[in-house]
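> What shape does this take:
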Amino acid sequence: MANEPDAGLKTSFCLLMAYAALFGVLSSLLAVGFITLYNQGIEFFGQVSLVVLHINIWPLVLLTGAAYSLAL
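The predicted structure follows:
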């Protein structure tokens with residue numbers, strides 16, 4: 001037929017769709033991993049296990065470690 005696109009265009013479109021599907025799968029796996037780690041972090045830091053003078057000092061420890069890692 002005269003109105004059909006050539007084979008190269010079909011191949012590049014299929015390749016683009018395959019890359020889009022791969023990107024979508026990897027993005028969703030990263031999102032699931034982030035949400036899982038976030039929820040576990042909320043549960044871990046929500047426990048009042050590191051209390052000094054009735055003050056939860058987990059934020060101090062966490063932010064000090066983050067600042068130290070950025071300074072390196």
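> going forward, measure contacts between C-alpha atoms and count neighbours the same way
Noted.
> for the chain, what are the low-confidence residue spans?
The chain contains residues with pLDDT under 70 at 1-5, 7-8, 48-52.
> now the strands: where do they sit in it?
51-52, 55-56 (DSSP state E).
> what about Ile57, how many residues close to it?
Neighbourhood size, Ile57 [other CA atoms under 10 Å]: 15.
> again, but for Ser12
Around Ser12 there are 11 residues (other CA under 10 Å).
> Please apply the same query to the one 3 residues further on.
For Leu15, the neighbour count with other CA under 10 Å is 12.
> List the contacts of Leu72.
With contact set as CA atoms under 8 Å, 6 or more residues apart in numbering, Leu72 has no partners.
> Distance check, it against Gln40.
With distances taken as CA to CA, to the nearest Å, Leu72 is found 27 Å from Gln40.
> cool, Leu26 as well?
Noted for Leu26: a distance of 21 Å to Gln40, by CA to CA.
> what do you get for Leu70?
23 Å.
> Can you pick out the residue with more neighbours from those two?
Taking neighbours as other CA under 10 Å, Leu70 and Gln40 compare with Gln40 leading, 12 against 8.
> Helices along this structure, start to end?
With DSSP state H, the ranges of helices along the chain come out as 7-46, 58-71.
> what number of residues lie near Trp26?
No, residue 26 isn't Trp; it's Leu. 12.
> mind listing what it touches?
Contacts for Leu26 (CA under 8 Å, 6+ apart) come out as none.
> Could you do Phe45 as well?
By CA under 8 Å, 6+ apart, the neighbours of Phe45 are Trp58.
> What's the local residue count around Thr56?
Actually, residue 56 is Asn rather than Thr. Asn56: 16 neighbours (other CA under 10 Å).
> now it, which residues is it bridged with?
Going by DSSP bridges, Asn56 is paired in beta bridges with Val51.
> From Gly46, how far out is it?
Asn56 is 9 Å from Gly46, by CA to CA.
> Equivalent analysis for Tyr38, please.
12 Å.
> Over to His54: give its phi and psi.
With angles defined as degrees, to the nearest 10, His54 sits at phi 60, psi 20.
> and it, how many neighbours?
Considering only other CA under 10 Å, His54 is surrounded by 8 other residues.
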